[in-house]
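Trainee: next one to model:
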Amino acid sequence: MEQTHKNIRKDKPSRTKWSESAIKALLSFLLEHKDKLEELKYTRGAISNPGNIQLWKDAEVFLLTFNFEQSYSNIQIANKCKNLVDNYRIALHTVPPQIVPPLNSTRVLFKFIFRYF
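Mentor: A predicted model of the protein is given here:
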C-alpha cells in the first residue's frame, strides 16, 4: 500500500498571485493616501485584523478600476502591504550596500511605506 504525505487543507484558499503592475498600483495608491497610512500606524488591528479598515477597502476599489487579471480583496491587500514591508526590511539587512540597485520609483515607494509599519 502506497502512502502519500500530502497535507493539503481543503478549506485553505489558493495562493494569490500579484502582478508587478498591481503592486505598483497599490504602492502608488498608498503614496496618494499617505495621511491615512500615517493614521494606521496608531490603529490597533490595522494589519492583524484589516477587514474593517477603510483604507484597505478604498485600495480594493482603486485596484478594481485597473481590471487586472485577478481582483484583490481588502484583506489580501493589507497582507500584501505587510509582506512587502517585511521583505523590504529583510532585504535592507541582508543585501550588502554595494549590491543595492540604484534608486528607482519602486524603491522610493518602499522606503516611504516602510516608515509607516
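Trainee: any idea of the pLDDT on the nearest residue to residue 76 once chain neighbours are set aside?
Mentor: Spatial nearest neighbour of residue 76, excluding adjacent residues (C-beta to C-beta, 6 or more residues apart in numbering): residue 16 at 5.2 Å. C-betas here are computed from N, CA, C, even on glycine. With respect to pLDDT, residue 16 scores 82.
Trainee: contacts only, for residue 16.
Mentor: Contact analysis of residue 16 by C-beta atoms under 8 Å, 6 or more residues apart in numbering lists 70, 72, 76, 80.
Trainee: how near is it to residue 55?
Mentor: Applying C-beta to C-beta, to the nearest Å, the value for residue 16 to residue 55 is 19 Å.
Trainee: secondary structure class for the residue nearest to residue 76?
Mentor: Here residue 16 is coil, with the state taken from DSSP: H, G, I helix; E, B strand; the rest coil.
Trainee: got the phi/psi numbers for it?
Mentor: As for residue 16, its main-chain torsions (degrees, to the nearest 10) stand at phi -90, psi 130.
Trainee: distance of it from residue 67?
Mentor: Remark: distance between residue 16 and residue 67 (C-beta to C-beta) = 17 Å.
Trainee: do the same with residue 93
Mentor: Distance from residue 93 to residue 67, by C-beta to C-beta: 37 Å.
Trainee: count the residues that sit near residue 66.
Mentor: For residue 66, the neighbour count with other C-beta atoms under 10 Å is 11.
Trainee: swap in the one 3 residues further on?
Mentor: Residues within reach of residue 69, counting by other C-beta under 10 Å, total 8.
Trainee: residues in contact with it?
Mentor: residue 19.
Trainee: renumber starting at 896 from here on
Mentor: Fine by me, first position is 896 from now on; the one you just mentioned is residue 964.
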